[in-house]
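Asks: let me see the structure of the following:
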Amino acid sequence: MPEAPAPSVIPVFPLTGTLLLPGNLLPLNIFEPRYRNMVADVMEGERYIGMIQPLVPHQDNWPALEPPAENPELYSVGCVGRIDRCEPQADGRYEIVLRGISRFRVRRELPRARGYRRVEAEYAEFPGDLIEPATVLSPARLLSAVRSFGETHGLEFDLDLLSSIPGVTLLNGLAAALPFRPAEKQALLEAPGPAEREELLLALMGMGLEPSTPEEYYSPPIVH
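Replies: All right, here's what the predicted structure looks like:
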């Protein structure tokens, strides 16, 4: 049996609208005490954190919404990352960068540790994730779609820069960065592999962006 890409028990960071994919880099500014505890603990071990979305979207500091549940139900699939960089700040915050390693399925939730949530994770469904960053993928269709998407929505993209990025890196970067709804982000995460994710991303860009209420979508912060 192949070795698991990360421990079977991992801390998880629930965050609506934030997508981590294999090979992606995700910067996070950690200031809430329980997540400061989480970072301090994982830095003493193997540095793994699972990113996962709450099933019902919420934003902690959106006045129009009810305060988030203390223990919101989670999607069953997330992505584990390993801390590439950790910079403790004088005020107790941490600025970290996670590198996506592999998606996981939640088997069960475990008792909290120092305020943060932990799950038992299973990776067997996603055997290709460890080699996904090396996947060869032509960026041509994505670049064409980005150009049209930007023209339609009045968004500016540096196409010269984007054209220099390897295809699968461009695919996963766009999936994470473009302002789709949380459920659409989750569908991109759960796509079987890069080819299927590309088709879904192209379809979403072709559909465009619909007006939405705060309850349905918000532009995800990189802070918590």
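Asks: what are the buried residues along the longest strand along the chain?
Replies: Using DSSP state E to define each element, the chain has its longest strand at strand 94-113. For strand 94-113, the neighbour count (16 or more other C-beta atoms under 10 Å) marks 94-96, 98-106 as buried. For every residue, glycine as well, the C-beta is placed using N, CA and C.
Asks: and what of stretch 41-60?
Replies: Taking 16+ other C-beta under 10 Å as the criterion, stretch 41-60 shows 42, 47-54, 57-59 as buried.
Asks: and stretch 9-18, by the same measure?
Replies: By 16+ other C-beta under 10 Å, the buried positions in stretch 9-18 come out as 10-18.
Asks: hey, C-alpha coordinates of it in CSV?
Replies: Taking Å, rounded to 0.1, in the frame of the first residue of the first chain, the C-alpha atoms of stretch 9-18 are listed here in CSV:
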residue,chain,number,x,y,z
VAL,A,9,-5.2,13.0,11.7
ILE,A,10,-4.9,16.6,10.6
PRO,A,11,-6.1,20.0,12.0
VAL,A,12,-8.5,21.7,9.7
PHE,A,13,-9.1,25.4,8.9
PRO,A,14,-12.7,26.0,7.8
LEU,A,15,-12.8,29.0,5.4
THR,A,16,-15.6,29.8,3.0
GLY,A,17,-14.6,30.5,-0.6
THR,A,18,-10.9,29.7,-0.2
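Asks: state the mean pLDDT of that stretch.
Replies: Averaging pLDDT along stretch 9-18 yields 95.
Asks: what does stretch 162-174 give?
Replies: The average of the pLDDT scores along stretch 162-174 is 95.
Asks: go on, stretch 125-140?
Replies: Stretch 125-140 comes out at a mean pLDDT of 95.
Asks: re earlier: next step: the buried residues of stretch 41-60 restricted to strands.
Replies: 48-52.
Asks: export those residues as JSON lines, with columns for pLDDT.
Replies: As requested, those are exported to JSON lines (pLDDT from 0 to 100):
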{"residue": "Tyr48", "pLDDT": "98"}
{"residue": "Ile49", "pLDDT": "98"}
{"residue": "Gly50", "pLDDT": "98"}
{"residue": "Met51", "pLDDT": "98"}
{"residue": "Ile52", "pLDDT": "97"}
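Asks: which of those residues sits closest to Cys86?
Replies: Set against Cys86, the nearest of these by C-beta to C-beta is Ile49 (10.8 Å).
Asks: tell me what the closest one is bridged to.
Replies: Gly81 (DSSP bridges).
Asks: make residue 1 into 870 and carry on from there
Replies: I'll keep to 870 as the first residue from here, and by that count the last item is Ile918.
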